[in-house]
Each structure stands twice: as C-alpha cells, then as structure tokens.
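1. no sequence on this one, just coordinates:
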C-alpha cells in the first residue's frame, strides 16, 4: 500500500470547521459582554441624571423655604404683572427665577418643570404648601409655616407664582 503525499501521520492542530466554531463562540460571548457593558453605562448615566435632578429640586425647595419662612406678606399670583410686592418666585423655561423688583435672577437652571403654590390657614396658622416637579418627573412637596404672616390677611389660593415681602407689621 502506497502512502499518499497529502496524508498526515500526526494530526496536530485544528481543522477549519473547529476554528470557525471557536471564533463564532468568542464572537457571541463578546457581543453579550459588550451589551452588558452598554446597559451598565446607560443605567449609570440615568442614575447620575436622576441624582442631579433630585439635588436641583431640593435646592429649589431650600430657596423657597429660606425666602418665605420669615416673610411678612405672602400672596399667590398667576402672572408677574399682578405682583405689586418687591419679590416674586416663579418657574419659567425649566428654571427657577427670583424677581427682585428690578430684574429677573435665575436661581436654579434646567431643573424645574413646574411649581404649584397653595396658601391656606390651618388651625389659625398660615401655611404655604408647594409642589415642585422636576424636568424628568421627580417631585417634592413641602409645607412652610409662615411665622410672620397674620392669618387674618391670608387669601387662600393656588397658583404658579408667589410674591412676598419682608417689610410690614408682623404678628409675632
């Protein structure tokens, strides 16, 4: 029996089919790994954006509380033209603005979708309730006891702007 010049005695190495199968498995595993990595990056970015929005909405809440807690006169209004007191807080174009009687000052930018203010008297005490909704839907509601406002002069109302002043006759 004659040996062919193309036959191999030692079968060392891989066949083409085996190499293609291994490369295909490596490709599939790489695709799965990159998909998991992309999903992790997307979740991280979403979490970071939500954290930024929560921090911004809380900053807006702090500004409202600090500005209004010791005010002597507070009214909820629907538009800036009806404000006859020096200070007004309102949201516009996803930002919180403070109008100081002369110019609008942007306090917090690109955070606020809407703010709703409600003035009411509960058990003889004047309160301001407000709800802030962030641009991605994060919501904060709070209530401020207006310690210097005479409850007899509170007109219970709701709106998207609040006007206030620190000068006046305080009750306490």
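-> Happy to help now that I have it. All values reported here derive from a predicted model rather than from experimental measurement. Residues are numbered from 1 along each chain as shown.
2. buried stuff in stretch 151-158?
-> Within stretch 151-158, the residues scored as buried using 16 or more other CB atoms under 10 Å are residue 154. Every residue, glycine included, has its C-beta placed from N, CA and C.
3. roughly how far out does it sit from the chain middle?
-> Put simply, stretch 151-158 sits 30 Å off its chain's centre (CA atoms, centre = their mean, to the nearest Å).
4. start and end of it, how far apart?
-> Stretch 151-158 has its terminal residues 16 Å apart, counting by CA to CA, to the nearest Å.
5. start the count at 4, not 1, going forward
-> I'll keep to 4 as the first residue from here, and by that count the last item is stretch 154-161.
6. what's in contact with that stretch?
-> By CB atoms under 8 Å, 6 or more residues apart in numbering, the surrounding residues in contact with stretch 154-161 are 76-79, 119-124, 127-129, 174.
7. not counting residues beside it along the chain, what's closest to residue 74?
-> Using CB to CB, 6 or more residues apart in numbering and skipping the chain neighbours, the partner closest in space to residue 74 is residue 167 (4.1 Å).
8. that neighbour pairs with what?
-> Beta-bridge pairing of residue 167 under DSSP bridges involves residue 77, residue 90.
9. for it, what are its contacts?
-> 70, 71, 74, 76, 77, 78, 88, 90, 91, 92.
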